[in-house]
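S.K.: Build me a model from this:
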Amino acid sequence: MPAEMKPGGKPGPQGFRVVFRDDFLAVIDKGWDLVVHPAPSHEGETLVELLGEELAGGDDPERPGIVHRLDRGTSGLMIVAREERTHADLQQMIRDRKVSRIYSALADGRFRSRTGTIDAPIGRASRKRHRMAVNGASSREAVTHFEVTEALRRESLLEVKLETGRTHQIRVHLEAIGHPVVGDVTYGGPARYGLERQFLHSSRLDFRHPRTGEDLEFTAPLPEDLAVALEAARSADSL
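M.R.: Below is the predicted model of the structure:
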């Protein structure tokens, strides 16, 4: 196991920790500034490169073992595969919506309803290719569920559940309903509380192990920058 994969501790912005690992898969808690796989626009190490031969599965040599990804700027839990059959099974489980992916997000503004569902297809934005958009080019079905867990003066803390997994899905959907993620300047989120990135964290994963059949549940607490920002938002609420 590489040194970077030692369990325990907290990942820095460009690091990660292993939450769970067996012969078939691993669950990683990714730092917000760590890119998952190589891309033309990125220079520097990626999660794929750091894990190296620990990953396996799939047809893309630049993304071995990657079952689903987290954006740069988003921290938290993700599953990676360590062998071919498990990779295929996990991808099918995600397509069949048998992997529960829960995120914590701080959204701008107060919501009229405590819970809701955003059902709006997402595709590439026509003029700004680095962005995605509702009803953009080659749109695909996208469904996001949310629950307000804490209503603050200027923001709402959300628990967000993905039903599908489109690129930037939560960020695009929350912008579309007028509540962009705090710190997400790409999608109109306000820059507050000293955040260098969007307040978005993959906080919980639930799924059945494709090889053993064991029901697995993992949680990851907010990293320090988001915890500090949330306390600042709460303090502003009392002013």
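
S.K.: Model confidence at the nearest residue to residue 195 once chain neighbours are set aside, what's the number?
M.R.: Excluding its sequence neighbours, the residue lying closest to residue 195 (C-beta to C-beta, 6 or more residues apart in numbering) is residue 183, at 3.6 Å. Backbone N, C-alpha and C define where each C-beta goes, glycine included. Listed pLDDT for residue 183 reads 98.

S.K.: quick one: residue 183 is in a helix?
M.R.: No. Assigned with DSSP: H, G, I helix; E, B strand; the rest coil, residue 183 falls outside any helix and is coil.

S.K.: pLDDT below threshold where in the chain?
M.R.: The chain contains residues with pLDDT under 70 at 1-10, 38-44, 129, 237-239.

S.K.: Can you list phi and psi of the residue nearest to residue 195 for me?
M.R.: Backbone torsions of residue 183, given as degrees, to the nearest 10, read phi 90, psi -10.

S.K.: before we move on, what about residue 82?
M.R.: Phi and psi for residue 82, reported as degrees, to the nearest 10, are phi -110, psi 0.

S.K.: again with residue 235
M.R.: Backbone torsions for residue 235, taken as degrees, to the nearest 10, come to phi -70, psi -40.

S.K.: which strand residues sit across from the closest residue in space to residue 72 that isn't next to it in sequence in the sheet?
M.R.: Distance criterion C-beta to C-beta, 6+ apart; nearest residue to residue 72, sequence neighbours excluded, is residue 35 at 5.2 Å. For residue 35, the beta-bridge partners under DSSP bridges are residue 46.

S.K.: Touching, residue 35 and residue 47? I think so.
M.R.: Yes. The pair residue 35 / residue 47 is scored as a contact, 7.1 Å apart, by C-beta atoms under 8 Å.

S.K.: which stretches of the protein form strands?
M.R.: 16-21, 25-30, 75-81, 100-108, 115-119, 122-124, 132-134, 137-140, 143-151, 155-162, 200-208, 215-219 (DSSP state E).

S.K.: ok so, going back, so how many other residues sit close to the residue nearest to residue 72?
M.R.: 22 (other C-beta atoms under 10 Å).

S.K.: ok, it to residue 141 distance?
M.R.: Residue 35 sits 26 Å away from residue 141, going by C-beta to C-beta, to the nearest Å.

S.K.: can you check residue 152 too?
M.R.: Going from residue 152 to residue 141 by C-beta to C-beta gives 32 Å.

S.K.: Who has more neighbours out of these two?
M.R.: The neighbour count for residue 152 versus residue 141, taken as other C-beta under 10 Å, is higher for residue 152 (18 against 11).

S.K.: Now do the contacts for that one.
M.R.: By C-beta atoms under 8 Å, 6 or more residues apart in numbering, the residues touching residue 152 are 110, 233, 234, 236, 237.

S.K.: Kindly report the same for residue 200.
M.R.: 71, 73, 74, 75, 103, 104, 105, 170, 171, 181, 184.

S.K.: quick check, nearest of those residues to residue 132?
M.R.: For those, the closest approach to residue 132 (C-beta to C-beta) belongs to residue 171, at 8.0 Å.

S.K.: so how far is residue 185 from that closest one?
M.R.: From residue 171 across to residue 185, the span is 11 Å (C-beta to C-beta).

S.K.: Any idea which of the strands of the chain gets closest to residue 51?
M.R.: Nearest to residue 51, of all these, is strand 75-81, at 6.9 Å by C-beta to C-beta.
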